[in-house]
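Engineer: Model the following, please.
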Amino acid sequence: MKQPLTFLLLFFCMAAMAQQVAPLPTASQLAWHETEYYWFTHFGPNTFTDKEWGHGDEPEDIFNPTNLDCRQWARLAKASGAKGIIITAKHHDGFCLWPSKYSTHTVRESKWRNGKGDVVKELSLACKEYGLKFGVYLSPWDRNHPKYGTSAYNEVFVNMMKEIFANYGPISEFWWDGANGEGPNGKKQVYDWPLFRETIKKLSPNTVVFSDIGPHIRWVGNENGVAGTTNWNLLNVSGFSAGAGAPSTDTLNSGNIFGEKWIPAECDVSIRPGWFYHKEEDEKVKSAETLFNLYLKSVGRGATMLLNVPPDRRGLITQYDSVSLIGFKKLREQSFANNLLAKSSVIIRNSSTGKIVKTLTDNKQSTYEKCTVLSIQFREPTAINTVVLREPIQLGQRVISFRIVLKDAGGAIIKEIAGTTIGRKRILSFASVTAGNIQIIIDNAKATPLISEVGVYSINEQLIEQ
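Structural biologist: This next block holds a predicted model:
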(Lines give C-alpha, C1' and ligand atoms only; values in the text may rest on other atoms or scores of the structure.)
Protein backbone atom coordinates (compact mmCIF):
# COMPACT_ATOMS: atom_id res chain seq x y z
CA MET A 1 0.00 0.00 0.00
CA LYS A 2 1.41 3.40 -0.99
CA GLN A 3 1.87 5.92 1.78
CA PRO A 4 0.27 9.36 1.35
CA LEU A 5 2.68 12.07 0.17
CA THR A 6 2.22 14.01 3.42
CA PHE A 7 3.35 10.96 5.41
CA LEU A 8 6.48 10.58 3.31
CA LEU A 9 7.31 14.25 3.66
CA LEU A 10 6.85 14.00 7.41
CA PHE A 11 9.09 10.93 7.51
CA PHE A 12 11.90 12.63 5.62
CA CYS A 13 11.60 15.78 7.74
CA MET A 14 11.78 13.72 10.92
CA ALA A 15 14.78 11.80 9.54
CA ALA A 16 16.55 15.08 8.80
CA MET A 17 15.72 16.48 12.22
CA ALA A 18 17.09 13.35 13.83
CA GLN A 19 20.53 14.45 12.68
CA GLN A 20 20.35 17.60 14.82
CA VAL A 21 21.37 17.94 18.44
CA ALA A 22 19.93 21.10 19.96
CA PRO A 23 20.72 23.83 20.67
CA LEU A 24 21.76 24.85 17.17
CA PRO A 25 23.46 27.96 15.79
CA THR A 26 21.49 30.46 13.75
CA ALA A 27 22.53 31.32 10.20
CA SER A 28 24.11 34.54 11.53
CA GLN A 29 26.08 32.62 14.14
CA LEU A 30 27.31 30.14 11.53
CA ALA A 31 28.53 33.05 9.40
CA TRP A 32 30.24 34.53 12.47
CA HIS A 33 32.03 31.22 13.17
CA GLU A 34 33.51 31.37 9.68
CA THR A 35 35.15 34.75 10.28
CA GLU A 36 37.78 33.02 12.46
CA TYR A 37 40.05 36.05 12.87
CA TYR A 38 39.13 39.74 12.86
CA TRP A 39 40.17 43.00 14.48
CA PHE A 40 39.24 45.01 17.54
CA THR A 41 40.25 48.67 17.29
CA HIS A 42 40.48 50.69 20.51
CA PHE A 43 40.65 54.38 19.65
CA GLY A 44 39.61 57.58 21.42
CA PRO A 45 40.79 60.14 24.00
CA ASN A 46 42.76 57.41 25.79
CA THR A 47 44.98 57.25 22.70
CA PHE A 48 46.09 60.80 23.48
CA THR A 49 46.19 60.66 27.30
CA ASP A 50 47.97 57.29 27.62
CA LYS A 51 45.14 55.98 29.78
CA GLU A 52 43.34 52.68 29.44
CA TRP A 53 40.15 53.80 31.19
CA GLY A 54 39.46 57.52 30.79
CA HIS A 55 37.61 59.45 33.50
CA GLY A 56 35.19 61.21 31.18
CA ASP A 57 36.49 64.67 32.06
CA GLU A 58 39.06 64.81 29.26
CA PRO A 59 38.60 67.92 27.07
CA GLU A 60 37.17 67.06 23.66
CA ASP A 61 40.06 68.84 21.91
CA ILE A 62 42.44 66.18 23.21
CA PHE A 63 41.12 63.98 20.41
CA ASN A 64 42.94 65.15 17.27
CA PRO A 65 44.29 62.40 14.97
CA THR A 66 46.22 64.50 12.47
CA ASN A 67 46.37 61.89 9.67
CA LEU A 68 43.40 59.62 10.32
CA ASP A 69 43.07 57.08 7.51
CA CYS A 70 40.55 54.31 8.12
CA ARG A 71 41.27 53.00 4.63
CA GLN A 72 44.82 52.25 5.83
CA TRP A 73 43.35 50.23 8.70
CA ALA A 74 41.11 48.31 6.33
CA ARG A 75 43.90 47.68 3.80
CA LEU A 76 46.13 46.24 6.49
CA ALA A 77 43.34 44.20 8.05
CA LYS A 78 42.59 42.71 4.63
CA ALA A 79 46.28 42.08 3.94
CA SER A 80 46.62 40.30 7.29
CA GLY A 81 43.73 37.97 6.50
CA ALA A 82 41.31 39.52 9.00
CA LYS A 83 37.64 39.31 8.06
CA GLY A 84 36.38 42.43 9.83
CA ILE A 85 36.94 45.32 12.25
CA ILE A 86 35.08 46.25 15.45
CA ILE A 87 35.56 49.88 16.54
CA THR A 88 35.21 51.25 20.10
CA ALA A 89 32.61 53.86 19.11
CA LYS A 90 32.17 54.80 22.79
CA HIS A 91 34.40 53.58 25.60
CA HIS A 92 33.82 54.07 29.34
CA ASP A 93 34.86 57.73 29.16
CA GLY A 94 31.69 58.41 27.17
CA PHE A 95 33.44 60.07 24.21
CA CYS A 96 31.56 59.27 20.99
CA LEU A 97 33.56 58.75 17.79
CA TRP A 98 30.49 59.89 15.87
CA PRO A 99 28.55 63.19 16.30
CA SER A 100 25.79 61.75 18.48
CA LYS A 101 22.72 63.89 19.09
CA TYR A 102 22.51 62.41 22.58
CA SER A 103 25.85 63.56 23.97
CA THR A 104 27.96 66.71 24.12
CA HIS A 105 31.16 64.70 24.49
CA THR A 106 31.80 63.72 20.85
CA VAL A 107 33.98 64.36 17.82
CA ARG A 108 31.65 67.25 17.03
CA GLU A 109 32.94 69.17 20.06
CA SER A 110 36.60 68.50 19.21
CA LYS A 111 38.86 70.56 16.98
CA TRP A 112 39.54 67.53 14.81
CA ARG A 113 38.39 68.43 11.30
CA ASN A 114 36.71 71.50 12.78
CA GLY A 115 34.11 69.33 14.44
CA LYS A 116 32.97 67.84 11.11
CA GLY A 117 34.70 64.46 11.45
CA ASP A 118 33.08 61.06 11.97
CA VAL A 119 35.37 58.09 12.67
CA VAL A 120 32.55 55.56 12.70
CA LYS A 121 31.37 56.66 9.26
CA GLU A 122 34.86 56.60 7.77
CA LEU A 123 35.58 53.11 9.07
CA SER A 124 32.19 51.82 7.98
CA LEU A 125 32.85 53.03 4.43
CA ALA A 126 36.41 51.66 4.44
CA CYS A 127 35.19 48.22 5.53
CA LYS A 128 32.63 48.20 2.72
CA GLU A 129 35.32 49.19 0.22
CA TYR A 130 37.64 46.37 1.27
CA GLY A 131 34.99 43.71 1.77
CA LEU A 132 35.32 43.54 5.55
CA LYS A 133 32.63 43.02 8.14
CA PHE A 134 31.98 46.07 10.30
CA GLY A 135 31.28 45.85 14.02
CA VAL A 136 30.68 48.34 16.81
CA TYR A 137 31.64 48.33 20.50
CA LEU A 138 29.43 50.58 22.59
CA SER A 139 30.11 50.70 26.32
CA PRO A 140 26.98 51.15 28.46
CA TRP A 141 29.16 52.74 31.14
CA ASP A 142 29.49 56.48 30.59
CA ARG A 143 31.70 58.50 32.93
CA ASN A 144 30.69 61.76 31.24
CA HIS A 145 26.95 61.75 30.52
CA PRO A 146 24.93 63.72 33.14
CA LYS A 147 22.00 61.27 32.95
CA TYR A 148 24.13 58.23 33.73
CA GLY A 149 22.93 56.71 37.00
CA THR A 150 19.29 57.62 36.32
CA SER A 151 16.48 55.75 34.59
CA ALA A 152 16.63 58.27 31.74
CA TYR A 153 20.09 57.09 30.70
CA ASN A 154 18.83 53.73 29.43
CA GLU A 155 16.80 55.61 26.82
CA VAL A 156 19.88 57.70 25.95
CA PHE A 157 21.84 54.51 25.35
CA VAL A 158 19.02 53.05 23.23
CA ASN A 159 18.95 56.21 21.13
CA MET A 160 22.70 55.97 20.59
CA MET A 161 22.27 52.40 19.36
CA LYS A 162 19.53 53.56 17.01
CA GLU A 163 21.88 56.19 15.58
CA ILE A 164 24.57 53.59 14.96
CA PHE A 165 22.28 51.16 13.15
CA ALA A 166 20.50 53.87 11.16
CA ASN A 167 23.61 55.65 9.93
CA TYR A 168 26.43 53.12 9.76
CA GLY A 169 24.96 49.70 9.03
CA PRO A 170 24.98 46.93 8.26
CA ILE A 171 26.52 46.06 11.63
CA SER A 172 27.90 42.53 11.64
CA GLU A 173 28.67 42.34 15.37
CA PHE A 174 27.63 44.55 18.27
CA TRP A 175 29.84 44.46 21.35
CA TRP A 176 28.67 45.22 24.90
CA ASP A 177 31.19 45.61 27.69
CA GLY A 178 29.74 44.58 31.04
CA ALA A 179 31.73 47.18 33.01
CA ASN A 180 29.50 49.22 35.30
CA GLY A 181 31.07 51.99 37.37
CA GLU A 182 30.11 55.41 38.63
CA GLY A 183 29.13 58.30 36.41
CA PRO A 184 29.82 62.02 36.93
CA ASN A 185 27.07 62.15 39.58
CA GLY A 186 28.72 59.38 41.59
CA LYS A 187 25.96 56.88 40.81
CA LYS A 188 26.00 53.54 39.02
CA GLN A 189 23.51 52.69 36.29
CA VAL A 190 21.01 49.84 36.42
CA TYR A 191 21.28 48.67 32.83
CA ASP A 192 18.08 47.61 31.13
CA TRP A 193 19.58 44.64 29.29
CA PRO A 194 16.22 43.26 28.07
CA LEU A 195 15.46 46.64 26.47
CA PHE A 196 18.93 46.81 24.90
CA ARG A 197 18.64 43.30 23.45
CA GLU A 198 15.12 43.85 22.15
CA THR A 199 16.16 47.13 20.51
CA ILE A 200 18.93 45.48 18.48
CA LYS A 201 16.70 42.53 17.62
CA LYS A 202 14.18 44.95 16.09
CA LEU A 203 16.76 47.17 14.41
CA SER A 204 18.97 44.45 12.96
CA PRO A 205 17.93 40.82 13.56
CA ASN A 206 20.97 39.48 11.69
CA THR A 207 23.51 41.27 13.89
CA VAL A 208 25.27 38.96 16.36
CA VAL A 209 25.55 40.46 19.83
CA PHE A 210 28.43 39.93 22.26
CA SER A 211 28.36 40.13 26.05
CA ASP A 212 29.32 37.87 28.95
CA ILE A 213 26.13 35.93 28.30
CA GLY A 214 25.43 36.67 24.65
CA PRO A 215 22.72 36.48 23.46
CA HIS A 216 24.79 35.28 20.48
CA ILE A 217 28.48 35.33 21.48
CA ARG A 218 30.12 35.08 24.90
CA TRP A 219 33.32 36.37 26.43
CA VAL A 220 35.91 33.60 26.77
CA GLY A 221 36.63 34.51 30.39
CA ASN A 222 40.09 36.09 29.88
CA GLU A 223 41.80 38.75 27.80
CA ASN A 224 44.69 36.49 26.83
CA GLY A 225 43.09 35.17 23.65
CA VAL A 226 42.92 31.60 24.92
CA ALA A 227 39.87 29.30 24.81
CA GLY A 228 39.52 26.26 27.02
CA THR A 229 40.98 22.95 25.85
CA THR A 230 37.40 21.85 26.42
CA ASN A 231 35.21 24.41 24.68
CA TRP A 232 31.47 23.92 24.27
CA ASN A 233 29.57 26.39 22.11
CA LEU A 234 26.76 26.07 24.64
CA LEU A 235 26.02 28.13 27.74
CA ASN A 236 23.47 28.22 30.54
CA VAL A 237 22.28 31.81 30.96
CA SER A 238 19.21 31.52 33.19
CA GLY A 239 19.81 33.45 36.40
CA PHE A 240 22.89 35.24 35.02
CA SER A 241 23.46 38.75 33.67
CA ALA A 242 26.25 40.60 31.90
CA GLY A 243 29.04 42.05 34.03
CA ALA A 244 29.18 41.19 37.73
CA GLY A 245 26.31 38.71 37.39
CA ALA A 246 27.99 36.62 34.68
CA PRO A 247 28.94 32.95 35.05
CA SER A 248 32.41 32.20 36.43
CA THR A 249 35.38 32.75 34.15
CA ASP A 250 36.02 28.99 34.18
CA THR A 251 32.51 28.38 32.85
CA LEU A 252 32.86 31.11 30.22
CA ASN A 253 36.14 29.54 29.15
CA SER A 254 34.77 26.04 28.66
CA GLY A 255 31.02 26.53 28.18
CA ASN A 256 28.43 24.02 29.41
CA ILE A 257 28.24 20.53 27.94
CA PHE A 258 24.43 20.62 28.08
CA GLY A 259 24.05 24.40 27.87
CA GLU A 260 20.61 25.77 27.07
CA LYS A 261 21.71 28.24 24.37
CA TRP A 262 24.19 28.24 21.47
CA ILE A 263 26.53 31.01 22.66
CA PRO A 264 30.08 30.33 21.40
CA ALA A 265 33.25 31.93 22.74
CA GLU A 266 35.12 34.87 21.25
CA CYS A 267 38.77 35.27 22.30
CA ASP A 268 39.72 38.93 22.64
CA VAL A 269 43.40 39.82 22.97
CA SER A 270 45.55 42.84 22.15
CA ILE A 271 48.58 42.83 19.90
CA ARG A 272 50.14 45.14 22.51
CA PRO A 273 50.24 45.01 26.34
CA GLY A 274 47.49 47.66 26.45
CA TRP A 275 44.27 48.06 24.48
CA PHE A 276 44.85 51.66 23.43
CA TYR A 277 47.99 52.87 21.67
CA HIS A 278 50.92 53.88 23.88
CA LYS A 279 54.21 54.83 22.25
CA GLU A 280 56.28 53.09 24.93
CA GLU A 281 54.73 49.80 23.80
CA ASP A 282 55.99 50.05 20.21
CA GLU A 283 58.76 47.58 21.01
CA LYS A 284 56.37 45.25 22.85
CA VAL A 285 54.12 44.27 19.95
CA LYS A 286 53.41 40.54 19.91
CA SER A 287 55.48 38.69 17.32
CA ALA A 288 54.01 36.82 14.36
CA GLU A 289 54.96 33.58 16.10
CA THR A 290 53.13 34.58 19.29
CA LEU A 291 50.02 35.51 17.29
CA PHE A 292 50.16 32.17 15.50
CA ASN A 293 50.29 30.35 18.82
CA LEU A 294 47.27 32.33 20.01
CA TYR A 295 45.48 31.35 16.80
CA LEU A 296 46.04 27.69 17.69
CA LYS A 297 44.59 28.32 21.17
CA SER A 298 41.54 30.24 19.99
CA VAL A 299 40.44 29.27 16.49
CA GLY A 300 42.17 25.93 17.04
CA ARG A 301 39.88 25.28 20.01
CA GLY A 302 36.63 26.10 18.25
CA ALA A 303 36.43 29.82 19.13
CA THR A 304 37.24 32.96 17.12
CA MET A 305 40.19 35.31 17.48
CA LEU A 306 39.41 39.01 18.03
CA LEU A 307 42.78 40.74 17.82
CA ASN A 308 43.02 44.33 19.03
CA VAL A 309 45.12 46.55 16.75
CA PRO A 310 45.05 50.16 18.02
CA PRO A 311 45.82 53.19 15.80
CA ASP A 312 48.38 55.70 17.03
CA ARG A 313 47.89 59.43 17.62
CA ARG A 314 48.14 60.10 13.90
CA GLY A 315 45.18 57.79 13.35
CA LEU A 316 47.34 55.14 11.63
CA ILE A 317 48.42 51.57 12.37
CA THR A 318 52.17 51.62 12.99
CA GLN A 319 54.87 49.68 11.17
CA TYR A 320 55.57 47.72 14.36
CA ASP A 321 52.09 46.24 14.25
CA SER A 322 51.93 45.81 10.46
CA VAL A 323 55.15 43.78 10.28
CA SER A 324 53.85 41.37 12.88
CA LEU A 325 50.41 41.14 11.28
CA ILE A 326 51.71 40.33 7.80
CA GLY A 327 54.10 37.79 9.30
CA PHE A 328 51.16 36.21 11.13
CA LYS A 329 49.29 35.77 7.86
CA LYS A 330 52.33 34.17 6.19
CA LEU A 331 52.68 31.67 9.04
CA ARG A 332 49.02 30.64 8.74
CA GLU A 333 49.27 30.27 4.99
CA GLN A 334 52.52 28.33 5.08
CA SER A 335 51.40 26.05 7.89
CA PHE A 336 48.05 25.02 6.44
CA ALA A 337 48.68 25.21 2.69
CA ASN A 338 49.34 21.49 2.24
CA ASN A 339 46.85 19.02 3.67
CA LEU A 340 48.75 15.74 3.45
CA LEU A 341 45.46 13.84 3.24
CA ALA A 342 44.60 15.48 -0.07
CA LYS A 343 47.07 13.22 -1.87
CA SER A 344 45.51 10.46 -3.93
CA SER A 345 47.86 7.93 -2.33
CA VAL A 346 46.30 8.45 1.12
CA ILE A 347 43.35 6.24 2.02
CA ILE A 348 40.79 7.43 4.56
CA ARG A 349 38.48 4.66 5.70
CA ASN A 350 35.44 4.77 7.93
CA SER A 351 36.18 1.79 10.15
CA SER A 352 32.56 1.74 11.30
CA THR A 353 31.34 0.92 7.79
CA GLY A 354 34.54 -0.20 6.06
CA LYS A 355 34.04 2.24 3.19
CA ILE A 356 36.65 4.60 1.79
CA VAL A 357 35.77 8.25 2.42
CA LYS A 358 36.63 11.11 0.06
CA THR A 359 34.47 13.96 1.36
CA LEU A 360 36.51 14.73 4.47
CA THR A 361 39.06 16.78 2.54
CA ASP A 362 36.67 18.73 0.29
CA ASN A 363 36.72 21.90 2.45
CA LYS A 364 32.93 21.77 2.78
CA GLN A 365 31.23 22.02 6.14
CA SER A 366 28.04 20.67 4.55
CA THR A 367 29.50 17.22 3.87
CA TYR A 368 30.21 14.91 6.78
CA GLU A 369 30.72 11.31 7.80
CA LYS A 370 29.03 9.37 10.58
CA CYS A 371 31.85 7.55 12.32
CA THR A 372 33.31 6.40 15.60
CA VAL A 373 36.67 5.39 14.10
CA LEU A 374 38.49 6.80 11.09
CA SER A 375 41.60 5.05 9.77
CA ILE A 376 44.09 6.97 7.64
CA GLN A 377 46.69 4.97 5.73
CA PHE A 378 49.74 6.55 4.10
CA ARG A 379 51.46 4.76 1.20
CA GLU A 380 54.80 5.77 2.68
CA PRO A 381 55.66 6.78 6.27
CA THR A 382 55.05 10.52 6.56
CA ALA A 383 56.35 13.15 8.98
CA ILE A 384 53.44 14.94 10.68
CA ASN A 385 52.89 17.16 13.71
CA THR A 386 49.42 18.68 13.35
CA VAL A 387 45.91 17.27 12.99
CA VAL A 388 42.84 19.42 12.25
CA LEU A 389 39.29 18.17 12.88
CA ARG A 390 35.92 19.78 12.20
CA GLU A 391 32.36 18.94 13.15
CA PRO A 392 29.34 20.05 11.07
CA ILE A 393 28.17 22.41 13.79
CA GLN A 394 25.05 23.35 11.83
CA LEU A 395 23.77 20.05 13.22
CA GLY A 396 24.98 20.75 16.75
CA GLN A 397 28.09 19.99 18.77
CA ARG A 398 28.42 16.32 19.68
CA VAL A 399 31.88 15.00 20.44
CA ILE A 400 32.71 14.80 24.15
CA SER A 401 36.08 13.03 23.89
CA PHE A 402 38.32 11.52 21.24
CA ARG A 403 41.79 10.09 20.65
CA ILE A 404 44.31 10.33 17.86
CA VAL A 405 46.47 7.21 17.64
CA LEU A 406 49.64 7.52 15.57
CA LYS A 407 51.23 4.27 14.35
CA ASP A 408 54.38 3.41 12.44
CA ALA A 409 54.46 1.49 9.17
CA GLY A 410 54.36 -1.81 11.07
CA GLY A 411 51.26 -0.86 13.06
CA ALA A 412 53.01 -0.18 16.38
CA ILE A 413 51.67 2.78 18.35
CA ILE A 414 54.06 5.74 18.40
CA LYS A 415 51.92 8.30 20.19
CA GLU A 416 48.37 8.68 21.48
CA ILE A 417 46.80 12.11 21.90
CA ALA A 418 43.60 12.61 23.89
CA GLY A 419 41.18 15.44 23.23
CA THR A 420 37.75 16.56 24.37
CA THR A 421 35.59 18.89 22.26
CA ILE A 422 35.98 19.53 18.53
CA GLY A 423 33.35 22.07 17.44
CA ARG A 424 33.90 24.16 14.32
CA LYS A 425 37.65 23.49 14.26
CA ARG A 426 40.10 21.69 16.51
CA ILE A 427 43.84 21.97 15.85
CA LEU A 428 46.15 19.63 17.72
CA SER A 429 49.90 20.07 17.35
CA PHE A 430 52.62 17.85 18.78
CA ALA A 431 56.27 16.93 18.36
CA SER A 432 56.81 15.52 14.87
CA VAL A 433 56.49 11.79 14.30
CA THR A 434 56.81 9.67 11.19
CA ALA A 435 53.53 7.82 10.84
CA GLY A 436 52.24 5.17 8.51
CA ASN A 437 48.74 5.07 9.94
CA ILE A 438 46.49 7.37 11.97
CA GLN A 439 43.36 6.38 13.82
CA ILE A 440 40.85 8.97 14.98
CA ILE A 441 38.65 7.39 17.63
CA ILE A 442 35.55 9.06 19.04
CA ASP A 443 35.28 7.70 22.58
CA ASN A 444 32.21 9.60 23.74
CA ALA A 445 29.58 11.77 22.08
CA LYS A 446 26.15 13.24 22.83
CA ALA A 447 24.75 11.58 19.69
CA THR A 448 26.04 9.84 16.57
CA PRO A 449 29.47 11.45 15.95
CA LEU A 450 29.75 13.49 12.76
CA ILE A 451 33.06 14.67 11.24
CA SER A 452 33.05 17.11 8.32
CA GLU A 453 36.77 17.71 7.72
CA VAL A 454 40.12 16.15 8.58
CA GLY A 455 43.51 17.66 7.87
CA VAL A 456 47.03 16.45 8.61
CA TYR A 457 50.01 18.79 8.32
CA SER A 458 53.71 19.14 8.92
CA ILE A 459 54.27 22.69 10.10
CA ASN A 460 57.39 24.48 11.28
CA GLU A 461 58.40 22.66 14.45
CA GLN A 462 59.49 25.92 16.09
CA LEU A 463 55.89 27.17 16.03
CA ILE A 464 54.69 24.38 18.28
CA GLU A 465 54.77 24.85 22.04
CA GLN A 466 56.05 21.64 23.58
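Engineer: next one: phi and psi at the residue nearest in space to the middle of the chain?
Structural biologist: Closest to where the C-alpha atoms of the chain average out (CA atoms, centre = their mean) is residue 304, at 2.7 Å. Dihedral angles of residue 304 (phi, psi; degrees, to the nearest 10) stand at phi -120, psi 160.
Engineer: What separation do you get for it and residue 188?
Structural biologist: To residue 188, residue 304 is 31 Å away according to CB to CB, to the nearest Å. Where C-beta positions appear, they are placed from N, C-alpha and C, glycine not excepted.
Engineer: and if you look at residue 235?
Structural biologist: According to CB to CB, residue 235 and residue 188 sit 26 Å apart.
Engineer: one step back: OK, contacts around the residue nearest to the centre of the chain?
Structural biologist: Shown in contact with residue 304 (CB atoms under 8 Å, 6 or more residues apart in numbering): 32, 33, 35, 36, 37, 38, 264, 265, 266, 267, 298.
Engineer: higher neighbour count, residue 235 and residue 188?
Structural biologist: Just comparing residue 235 and residue 188: by other CB atoms under 10 Å the higher neighbour count belongs to residue 235, 25 against 13.
Engineer: beta partners for the more buried one?
Structural biologist: Under DSSP bridges, the beta-bridge partners of residue 235 are residue 261.
Engineer: looking at the protein, which helix or strand does the model trust least?
Structural biologist: helix 5-17 (a mean of 38; mean pLDDT, DSSP states H and E).
Engineer: next SSE after that helix?
Structural biologist: Downstream of helix 5-17, the first helix or strand assigned by DSSP states H and E is helix 27-33.
Engineer: quick one: which helix or strand includes residue 125?
Structural biologist: With DSSP H and E as criterion, residue 125 is part of helix 119-129.
Engineer: What helices and strands are in contact with that helix?
Structural biologist: Contacts defined by 3 or more CB pairs under 8 Å, 6 or more residues apart in numbering; DSSP states H and E place helix 119-129 against helix 70-79, strand 84-90, strand 133-138, helix 151-168.
Engineer: what's near enough to touch the closest residue to residue 36 other than its chain neighbours?
Structural biologist: The shortest distance from residue 36 to any residue other than its chain neighbours is 5.0 Å, reached at residue 299 (CB to CB, 6 or more residues apart in numbering). By CB under 8 Å, 6+ apart, the contact list for residue 299 reads 36, 37, 305, 425, 427.
Engineer: same deal with residue 164?
Structural biologist: Residue 164 sits next to 89, 98, 120, 136, 138, 171 when contact means CB under 8 Å, 6+ apart.
Engineer: again with residue 48
Structural biologist: Applying CB under 8 Å, 6+ apart to residue 48 gives the contacts 62, 63, 64, 313.
Engineer: try 10 Å this time
Structural biologist: Taking CB atoms under 10 Å, 6 or more residues apart in numbering as the criterion, residue 48 is in contact with 54, 58, 61, 62, 63, 64, 65, 276, 277, 312, 313.
Engineer: you'd agree the third one is in a helix?
Structural biologist: What it means is residue 61. Yes: using DSSP: H, G, I helix; E, B strand; the rest coil, the assignment for residue 61 is a helix.
Engineer: Is it in contact with residue 114, as I believe?
Structural biologist: No: look at residue 61 against residue 114 with CB atoms under 10 Å: they stay out of range, at 11.5 Å.
Engineer: Between these two, which is the more surrounded one?
Structural biologist: Taking neighbours as other CB under 10 Å, residue 61 and residue 114 compare with residue 61 leading, 12 against 8.
Engineer: ok, and the closest non-adjacent residue to that one?
Structural biologist: Going by CB to CB, 6+ apart, residue 61 has residue 111 as its nearest residue, at 4.8 Å.
Engineer: Please report the distance of that neighbour from residue 60.
Structural biologist: Distance from residue 111 to residue 60, by CB to CB: 8 Å.
Engineer: These two: which has the busier surroundings?
Structural biologist: With neighbours defined as other CB under 10 Å, residue 111 and residue 60 compare such that residue 60 has more, 19 against 14.
Engineer: Report pLDDT for the more buried one.
Structural biologist: What the model reports for residue 60 is a pLDDT of 98.
Engineer: where's it relative to residue 310, distance?
Structural biologist: Distance, residue 60 to residue 310, using CB to CB: 20 Å.
Engineer: swap in residue 287?
Structural biologist: Computed with CB to CB, the distance linking residue 287 and residue 310 is 17 Å.
Engineer: Could you check which of these two has the larger neighbour count?
Structural biologist: Higher neighbour count among residue 287 and residue 310: residue 310, with 25 against 14, using other CB under 10 Å.
Engineer: Contacts only, for the closest residue to that one other than its chain neighbours.
Structural biologist: Leaving aside its chain neighbours, residue 310 sits nearest to residue 277 (4.3 Å; criterion: CB to CB, 6+ apart). Residues in contact with residue 277, defined by CB under 10 Å, 6+ apart, are 42-43, 46-48, 50, 309-318, 321.
Engineer: try it again with 7 Å
Structural biologist: Listed by CB atoms under 7 Å, 6 or more residues apart in numbering, the contact set of residue 277 reads 47, 310, 311, 312, 313.
Engineer: Would you check that the fourth one makes contact with residue 321?
Structural biologist: The one in question is residue 312. No: contact criterion CB atoms under 7 Å: residue 312 and residue 321 do not qualify, at 9.0 Å.
Engineer: Looking at those two, which is more packed in?
Structural biologist: Neighbour comparison, residue 312 and residue 321: the larger count goes to residue 321, with 23 against 20 (by other CB under 10 Å).
Engineer: Which neighbouring elements make contact with the strand or helix carrying that one?
Structural biologist: Per DSSP H and E: residue 321 is located in helix 319-335. With contacts taken as 3 or more CB pairs under 7 Å, 6 or more residues apart in numbering; DSSP states H and E, helix 319-335 sits against helix 70-79, helix 288-298.
Engineer: the inter-axis angle of the longest one versus helix 319-335?
Structural biologist: Computed by axes from the mean of the first three to the mean of the last three CA atoms, to 10 degrees, the angle separating helix 288-298 from helix 319-335 equals 60 degrees.
Engineer: Now do helix 288-298, average pLDDT.
Structural biologist: Predicted confidence along helix 288-298 averages 98 (mean pLDDT).
Engineer: And the first one, by the same measure?
Structural biologist: Taken as a whole, helix 70-79 carries a mean pLDDT of 98.
Engineer: right, and residue 232 touches residue 421 too?
Structural biologist: Yes: the criterion here is CB under 7 Å, and residue 232 meets it with residue 421 at 6.0 Å.
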